[in-house]
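# Dropping a prediction and its sequence here:
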Amino acid sequence: MTNKIIKHRSHQIFPVPLANTAEVSDDAYGVTSETSENHAYSSADQSFQKYFTDIFSKLPYNTQRAYISDYNEFSIFCKQNNFQGLNNSFTSNEECIKEYVALLCQTPLAYRTIKRRLSALSKFLGMAKLPNPIIRSVYLRDFIRLSLIENKKFRMSHKQAVPLTIEMVEQINNKIIPDSLLELRDLAIINLMFDALLRADELVRVCIEHISHRNNTVLVVSSKSDQSGDGQYRYVSSSTLSMINEYINEANNNPSTSLPRDQNDPRSISKGVLFRRVNNHKTALHPYQESHSANQDAVLNYSSIYRLWQRIAVRAGIQENITPHSGRVGGAVSLAEDGASLPELQLAGGWQSPEMPGHYTKQASVKRGGMAKLSSKHKR
């Protein structure tokens, strides 16, 4: 059995990446026959369902959301890299998690984010009573430890995301004339992340229903800073809304016939997740259907978004190492430099605490301070 999913009350997808496999070599389970294999899988599934029913549903909302997000990322990784998922084979789980760690450490994800995702996987293995190499394998523990050390060194040398300022956004929009569905999508994403100061995990949850052309807003349905889970509205410029419309119109056009796609065509966008993966020809979206496990192949994850930021930077001739968080940082910096107040910054980025936006206003104040004025006066 591959990635099974459960709907959560926030309409997010809760994956259960269990796999029924013929490879069963762990003495701890003592599984030798096909009947025993099925029994071991059934036992793991029942253990998980019992935990989900009795305990998980009673956890704080944000804790549930964090687990769901982390499980979804791992499940998407398994799908896209042809891994069966977690099962009752210690060796299989060890290899799968090792490759997942290697991928995570190739991205600019924060050290604590990677540690949290691995902790969530370890928790899941315990819930399902499956072999847990994160705890039991000396090899995997050392691989994780050394990989995280290397990742932490990288993060220390690239601690603050390079801000994508309003000037850089204009440079991107002026230099890139989109000639494919892929570039239309990428430009819409870059501009939306800047306007609404979106994190990558907020972007992937944006649905077409969350965009309001009348109010120039996007509803962010789940956010790290939204403790209540009620969602937050963020501003979207008219030019970004036009880019989103161009992307939707192109996605809904069949390149083979030059006719509009039927609304029931799973490659069209009429409802559901707005930004999806594009095929290798850059002409059509991957099929997407609501309440369908195959959707994980169609939606974006952090690695996909990171690559598109790198791709856009190259196309626009931007030398700085911009990443998915650059839009949020750059939007805040641009607002602060334009004189936005602290409450305005908090509203724009959905911050509950003034600490982080206050950091950006301090940066902007330096650029308007006495030494900045003196340097400008003497043309230094």
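Thanks, I have the structure now.

# now the strands for the stretch 1-150 of the chain?
Ranges of strands within the stretch 1-150 of the chain are 4-7, 13-16, based on DSSP state E, counting those that start in this stretch.

# and the last one, what's its mean pLDDT?
For strand 13-16, the per-residue pLDDT values average out at 41.

# now swap in stretch 106-116 and tell me
Per-residue pLDDT values over stretch 106-116 give a mean of 81.

# how far is it from where the chain is centred?
Relative to the centre of its chain, stretch 106-116 is centred 12 Å away, using C-alpha atoms, centre = their mean, to the nearest Å.

# cool, stretch 307-324 as well?
Centre-to-centre, stretch 307-324 and its host chain are 17 Å apart (C-alpha atoms, centre = their mean).

# mind checking the end-to-end distance for that stretch?
Terminal residues of stretch 307-324 lie 9 Å apart, using C-alpha to C-alpha, to the nearest Å.

# residues in contact with that stretch?
For stretch 307-324, contacts defined as C-beta atoms under 8 Å, 6 or more residues apart in numbering pick out 108, 158, 161-162, 164, 168, 171-172, 175-176, 183, 186-187, 189-190, 193, 199-200, 203, 302, 305-306, 326. Yep, even glycine has a C-beta here, placed from its N, CA and C like the rest.

# ok but residue 305 is inside a strand, no?
No - using DSSP: H, G, I helix; E, B strand; the rest coil, the assignment for residue 305 is helix, not a strand.

# how many neighbours does it have?
Residues lying near residue 305 (other C-beta atoms under 10 Å) number 23.

# Next, work out how far apart it and residue 195 are.
Here residue 305 is placed at a distance of 16 Å from residue 195 (C-beta to C-beta, to the nearest Å).

# ok, now residue 285?
From residue 285 over to residue 195 (counting by C-beta to C-beta), the distance is 23 Å.

# cool, and residue 209?
When distance is defined by C-beta to C-beta, residue 209 is 18 Å away from residue 195.

# so where's the stretch 201-350 of the chain shaky on pLDDT?
Filtered on pLDDT under 70, the stretch 201-350 of the chain yields the residue ranges 222-229, 291-296.

# which residue ranges form the helices in the stretch 1-150 of the chain?
With DSSP state H, counting those that start in this stretch as the criterion, the stretch 1-150 of the chain has helices at 34-54, 61-80, 90-104, 111-128, 133-136, 138-157.

# Of all the ones you listed, which one is nearest residue 290?
Taking C-beta to C-beta, helix 61-80 is the member of the helices of the stretch 1-150 of the chain nearest to residue 290, at 15.3 Å.
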